[in-house]
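# sharing a model that was predicted from the sequence below.
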Amino acid sequence: MSRHTGSRHTGSRHTGSRHTGSRRTGSRHAMGIHAVRRLILPLMAVVFLLSGCWEGESPASNPSEGRYLIYYLNASITKLVPQEYETETKDKGELVNELMDQFLNVPKDLDCQPGLTDRVTYQGSRQEEQVLYLYFDMNYTAMKAEREILCRAALTRTLTQIEGIDYINIYCGDQPLMDRQGNPVGMLSSTDFIMNTSNVNAYEKTELTLYFADETGNRLVPEKREVVHNINTSLEQLVVEQLIAGPGQEGHNPTLPSDCKILSLSVTDNVCYINFDSAFSNTTLAVNEYIPIYSIVDSLSEMTTVTKVQIMINGSQNVMFRDVVSLNTTFERSQNYIDGESQ
């Protein structure tokens, strides 16, 4: 696959030099089920916000009509700021170059900064299947942690809007981007970054074990996922949000409708109470009636804080989910639907 390169720009250096990069050399680090890495940032809040830097309604993307969101950093480097950008470009390689050029050059009338510092050189990109590999020089690794994680989020959310690009993978020189433990960061999707509107002074990188449907829709398959999120978001909330966001691995299928909303979620005495809107019961996903239920229950029970789950729809538990499953009960973890386990 050829490398796409772009023109030089002011600010972060952007070269058109050809760069031979190896393919992704490592998978995400196998962590314990409940492993959480927290970095306290006393000097600067690291939050992923999509509001507060413009007046009126938030901008919206519509790639099918050539409308994209380019993500910048606010002046104090504490949050993301989306800026609408329109283009008639359809060719995927040209579109990557065009969006990267916009990403690297902040409009003069916008009080924001680019994700990269002016010492970092963008060297090009290449695509393999649904993964876009981005190449930077080693100055990328010298960015401060709070800026780098925001830059990572901005790159991911900007470029995965392009049809056919579901993930990005960042390389510094010829090596994949590494975390502080020396493990490859690996592929990043937009769902890895949870937007939150609370000001905090820390973020967590958490590995979750989520259960999605297999290709038959009758079994559950586990999927490990590392998510960077605001510490004000409970892990239980994070798990359900990630289930709604859907799977990221080939052969895994969604268990919850993407338009499903969490009205409330709380945990008391190891029981997780989840109240969904009506979209939860209106799913047309081709899965067994029990699969959505145990996708939630088995994913949540991976945590020591949850042993049972009570599901409600619009505040009521007197519901027959898909006319088969009574929600008027608490559900416990079951191995019956997990692929590879005894039925």
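All right, it came through fine. Just so you know, these numbers come straight off a predicted model, no measurement behind them.
# what about Val228, which helix or strand?
Under the criterion of DSSP states H and E, Val228 resides in strand 220-230.
# show me where the stretch 1-150 of the chain has its helices.
With DSSP state H, counting those that start in this stretch, the ranges of helices along the stretch 1-150 of the chain come out as 92-104, 145-159.
# deepest-packed of those helices, please.
When you average the neighbours per residue for each of the helices of the stretch 1-150 of the chain (mean count of other Cβ atoms under 10 Å), helix 145-159 leads with a mean of 22. Quick note: C-beta positions are derived from backbone N, CA and C, even for glycine.
# do you know which of the helices of the stretch 1-150 of the chain lies nearest Gln249?
Comparing the helices of the stretch 1-150 of the chain by their distance to Gln249 (Cβ to Cβ), the top pick is helix 145-159, with 17.0 Å.
# list the helices and strands the closest one packs on?
The contact analysis (3 or more Cβ pairs under 8 Å, 6 or more residues apart in numbering; DSSP states H and E) places helix 145-159 against strand 67-74, strand 80-86, helix 92-104, strand 131-136, strand 167-172, strand 220-230.
# and the angle for it with helix 92-104?
Interaxial angle, helix 145-159 versus helix 92-104 (axes from the mean of the first three to the mean of the last three Cα atoms, to 10 degrees): 140 degrees.
# re the thing from before, closest to Val240 out of the helices and strands packed on helix 145-159?
Minimum separation from Val240 across the helices and strands packed on helix 145-159 (Cβ to Cβ) falls at strand 220-230, 12.4 Å.
# and after that closest one, which helix or strand comes next?
In N-to-C order, the element after strand 220-230 by DSSP H and E is helix 235-245.
# export the helices and strands packed on helix 145-159 to a markdown table and append columns for distance to Ser326.
Below are the helices and strands packed on helix 145-159 laid out as a markdown table (distance: least, Cβ to Cβ, whole Å):
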| stretch | distance to Ser326 |
| --- | --- |
| strand 67-74 | 42 |
| strand 80-86 | 43 |
| helix 92-104 | 48 |
| strand 131-136 | 43 |
| strand 167-172 | 39 |
| strand 220-230 | 20 |
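# want to throw these into CSV with mean pLDDT and distance to Gln249?
Shown next, in CSV, are the helices and strands packed on helix 145-159 (pLDDT from 0 to 100; distance: least, Cβ to Cβ, whole Å):
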stretch, mean pLDDT, distance to Gln249
strand 67-74, 92, 25
strand 80-86, 91, 26
helix 92-104, 93, 23
strand 131-136, 95, 13
strand 167-172, 94, 11
strand 220-230, 87, 5
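# out of those, the one nearest Phe193 is which?
strand 220-230 (5.9 Å).
# now the closest one - C-alpha only, CSV.
C-alpha atoms of strand 220-230 as CSV (Å, rounded to 0.1, in the frame of the first residue of the first chain):
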residue,chain,number,x,y,z
LEU,A,220,-21.2,-14.2,23.1
VAL,A,221,-17.6,-13.6,22.4
PRO,A,222,-15.2,-11.6,24.6
GLU,A,223,-13.5,-8.5,23.3
LYS,A,224,-10.7,-6.7,25.2
ARG,A,225,-10.7,-3.0,24.7
GLU,A,226,-8.5,-0.2,26.2
VAL,A,227,-10.4,3.0,26.7
VAL,A,228,-9.1,6.4,27.8
HIS,A,229,-11.8,8.1,29.8
ASN,A,230,-12.6,10.8,32.3
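# could I have stretch 278-295 exported to CSV, CA atoms only?
Below are the C-alpha coordinates for stretch 278-295, written out as CSV (Å, rounded to 0.1, in the frame of the first residue of the first chain):
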residue,chain,number,x,y,z
SER,A,278,-37.5,2.6,24.7
ALA,A,279,-34.9,2.1,21.9
PHE,A,280,-33.5,-0.8,24.0
SER,A,281,-36.6,-2.9,23.5
ASN,A,282,-37.1,-1.8,19.8
THR,A,283,-33.9,-3.5,18.6
THR,A,284,-34.1,-5.3,15.3
LEU,A,285,-30.6,-6.8,15.7
ALA,A,286,-30.5,-10.4,14.5
VAL,A,287,-29.5,-12.0,17.8
ASN,A,288,-31.0,-14.4,20.3
GLU,A,289,-33.4,-12.7,22.7
TYR,A,290,-31.1,-13.4,25.7
ILE,A,291,-27.9,-12.2,24.0
PRO,A,292,-28.5,-8.4,24.7
ILE,A,293,-29.3,-9.1,28.3
TYR,A,294,-26.3,-11.3,29.0
SER,A,295,-24.0,-9.1,26.9
